[in-house]
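Visitor: For reference, the sequence and a predicted model appear below.
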Amino acid sequence: MTLQQLKYVIQVARSRSISKAAQSLFISQPSLSNALKELEKEIGITIFSRTNKGIMITLEGSEFLGYARQVVEQAELLENRYSNTQLPQQHFSVSAQHYAFVVSAFVRLHKAYDREEYEFTLRETKTYEIIDDVKNLRSEIGVLYVNEFNKKVIHKFLREGDLMFNELFVAKPHVFISSSNPLVKQDYVTLSDLLPFPYLTYEQGDYNSFYFSEEILSTLSRPKNIRVSDRATLFNLLIGLNGYTISTGVISSELNGDDIVAVPLKVDERITVGYITHKDVRNSTLADIYIEYLKETIAEEQANLP
């Protein structure tokens, strides 16, 4: 087994295609295929299964990939310590529901990462896709919530994908509203108070189930409903239409300014936000650093909650 073979495995997993990986590595596709077959034969496992839809990582392959990443990272650190060569481009990816603290932590990671080259990905996306991204190693970390209503269904999907849920914090529900909304003066709001205003939610595509909703109390009927796909649009509509959405109350004034305000919602509910990782893959150094920034960011923003 060679370090080069480990780098091949990592690139194929990242590209989800042997042909694309070969192009990135500047080698021929047959050479790459042969190198992978020799490695699989040597270690006695199948890392990738080949299907009509492309490359799929096996369960054993997921575990092997976690160790391979650690070995390659350590080798690169060692090489950088005792040579004048520049560290290669680093990769890191997060998939998450639409939380400002996820972006704030991502900004901190970027500022702390003093390298000339990197490839970072932050996907604010649908609940099912977050689980699928981490399951299939497109992202190292996923951020989402569970509560009493959806936890059985969400944890079922996590178990099936060999994923772990790690709690970050438990929040009392809040509504996000414009600073010009008349409800902003109240100490708290009720569901009845919100009836005159448009209710904004994130659409969930093919998995538009109540259990995958990004907002709690998704089964309740409301007279005015607007679905959006991104956080910028939702915030613009909160301001432009005096709409509201339900979330944790944790919001970054540094990134979002003072136009959006969190007001407590008087309901007997709790929101448990956490990050998910793959059981068979060890966190990269960047992932561990990002998780710490997540915790720091959340603690700082929670201190400002009403």
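Guide: Right, received. Where do you want to start? Computed from a predicted structure; not experimentally measured. Numbering: from 1, shown residues only.
Visitor: can you give me the helices for the stretch 101-250 of the chain?
Guide: 127-135, 151-160, 191-194, 231-240 (DSSP state H, counting those that start in this stretch).
Visitor: what's the offset of the second one from the middle of its chain?
Guide: Centroid separation for helix 151-160 versus its chain: 16 Å, with CA atoms, centre = their mean, to the nearest Å.
Visitor: Excluding chain neighbours, what is closest to Thr121?
Guide: Ser93 (4.0 Å; CB to CB, 6 or more residues apart in numbering). The way it works is simple: take the backbone N, C-alpha and C, and place the C-beta from them, glycine included.
Visitor: and the one you found, that one's in a helix?
Guide: No. Counting by DSSP: H, G, I helix; E, B strand; the rest coil, Ser93 is located in no helix; its state is strand.
Visitor: which ones are touching it?
Guide: If you count contacts by CB atoms under 8 Å, 6 or more residues apart in numbering, Ser93 has them with Phe120, Thr121, Leu122, Arg123, Asp133, Arg138, Ser139, Glu140, Ile141.
Visitor: Would you check that the fourth one makes contact with Ser95?
Guide: It stands for Arg123. Yes. With contact defined as CB atoms under 8 Å, Arg123 reaches Ser95; the gap is 4.4 Å.
Visitor: ok, the two, which is more surrounded?
Guide: Ser95 (26 against 15; other CB atoms under 10 Å).
Visitor: Tell me which residues touch that one, please.
Guide: Contacts of Ser95 (CB under 8 Å, 6+ apart): Arg123, Thr125, Glu129, Ile130, Asp133, Val134, Arg138, Ser139, Ile141, Gly142, Val143.
Visitor: Name the residues of stretch 127-145 that come out as buried.
Guide: Buried positions in stretch 127-145, judged by neighbour count with 16 or more other CB atoms under 10 Å: 127-135, 137-145.
Visitor: Lowest-confidence entry in the contacts of Ser95?
Guide: Minimum pLDDT for those is recorded at Arg138 (88).
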